[in-house]
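J.: Just a sequence and a predicted model for now, questions to come.
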Amino acid sequence: MSLNLHEIREFALDTAKSAGTLIREMREQGDLQHSYKDQQELVTSADISADKLIVDRIKARFPSHRVLSEEGYNDTSIAADLASPIWIIDPIDGTVNYAHGQMMVAVSIAFACEGEVKVGVVYNPFMEETFSAVHGEPSALNGLPIHVSGLDVLRKGLVATGFPYDKSGVPPIINRVEKVLFECQDLRRLGSAALDICWVACGRLDAYFESLSPWDFAAARLIALQAGARCGHFSPVPAHIPDCIHCDDLLISTPAIYDALHQTLQP
Ligand code: IPD
Ligand code: CA
Ligand code: CA
């Protein structure tokens, strides 16, 4: 089987645009339904509709490909095997922002095969910004090449992070946040992990750390890597999990401040 990655990217771009238009219009119409997963994680009717739109399009065009999507096909164990084609989708990254009328909201679509993520698209329909990458090529924002900030002193760095819905996991995060805050210029919690990572890719942020799910970062991590970021973890990655999909303790930064931040994040 031969897959043309540029065709895959065009399909992903087109699909992300359609899903982005859908979520923008659903918010403008103002009749969103809200519900909660596990009594704490907000999901709107737009999350469900956008997930269905994306998955239906993939299944129609690539019926043999596997799909991992936050609201539909969310058995994350299938991402341990990236050998055969798999799509990894977050229909709305930044659902809480979305529900509050904010702009930091994105559709995230990644395509992986042969053991790694090959294509990533992150589309913010409220700011009309599309980040994209194909493995081995420079990343782009609205078609123009992007690069990490190149900052070399953590003290001057603007660092982003996030918090899980399950508040029982928050105390150790607060501890890390406190340590990082004393070492960098300032911290941000923007509410969309995919955009946080893309903003590291284009130099608006210098670094980002958080624990996530595969759909939050699969596309954005490739975009950051191909824009010159160093992508890793501040705790060991289990041997059986591909690095590009391991969710715990992610650290993504402009290269020269990575080691200092990694050190600061240690318990
Ligand atoms: C969330 C956002 C947020 C991050 C959470 C994610 P969602 O995704 O990316 O920034 O802090 O960990 O779950 O729920 O809006 O798709
Ligand atoms: Ca998400
Ligand atoms: Ca989501």
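T.: Done, it's in. Numbering: from 1, shown residues only. Ligands and ions are numbered 1, 2, ... in the order given.
J.: what separates the residue of the stretch 151-267 of the chain found nearest ligand 2 from ligand 3, distance-wise?
T.: Sorted by distance to ligand 2 under CB to the ion, the residues of the stretch 151-267 of the chain start with Asp216, at 4.0 Å. (Each C-beta comes from the backbone N, C-alpha and C, glycine too.) With distances taken as CB to the ion, to the nearest Å, Asp216 is found 7 Å from ligand 3.
J.: and what of Ala193?
T.: Using CB to the ion, we find Ala193 at a distance of 9 Å from ligand 3.
J.: that older thread, what about the residue of the stretch 151-267 of the chain closest to ligand 2, how many neighbours?
T.: Here the neighbour count serves as a burial measure; for Asp216 (other CB atoms under 10 Å) it reads 25.
J.: can you tell me which residues contact it?
T.: Contact partners of Asp216, counting by CB atoms under 8 Å, 6 or more residues apart in numbering, are 90, 93, 108, 193-194, 247.
J.: how about a cut-off of 6 Å?
T.: 90, 193 (CB atoms under 6 Å, 6 or more residues apart in numbering).
J.: Counting neighbours, what do you get for Ala219?
T.: Burial of Ala219 is recorded as 34 neighbouring residues (other CB under 10 Å).
J.: Could I get the phi/psi values of it?
T.: Ala219 adopts backbone torsions of phi -70, psi -50, taken as degrees, to the nearest 10.
J.: Any idea how many residues pack against the residue nearest to it when sequence neighbours are not counted?
T.: Nearest non-adjacent residue to Ala219, counting by CB to CB, 6 or more residues apart in numbering: Gly120, 3.3 Å away. The local packing count at Gly120 equals 33, with neighbours defined by other CB under 10 Å.
J.: Report the secondary structure state of Gly120.
T.: strand (DSSP: H, G, I helix; E, B strand; the rest coil).
J.: ok, it - contacts?
T.: Contact criterion CB under 6 Å, 6+ apart gives 110, 133, 219, 222-223 as the residues in contact with Gly120.
J.: again, 7 Å this time
T.: Neighbour list for Gly120: 110, 132-133, 218-220, 222-223 [criterion: CB atoms under 7 Å, 6 or more residues apart in numbering].
J.: Please determine how far it is located from ligand 2.
T.: Distance of Gly120 to ligand 2, computed by CB to the ion: 14 Å.
J.: partner residues bridging the residue of the stretch 51-200 of the chain found nearest ligand 2?
T.: Among the residues of the stretch 51-200 of the chain, Asp93 lies nearest to ligand 2; the distance is 3.9 Å by CB to the ion. In this structure, Asp93 has beta-bridge partners Ala106, where bridges are defined by DSSP bridges.
J.: my guess is it meets Ala110, correct?
T.: No. In this structure, Asp93 is not within contact of Ala110 by CB atoms under 7 Å, at 11.6 Å.
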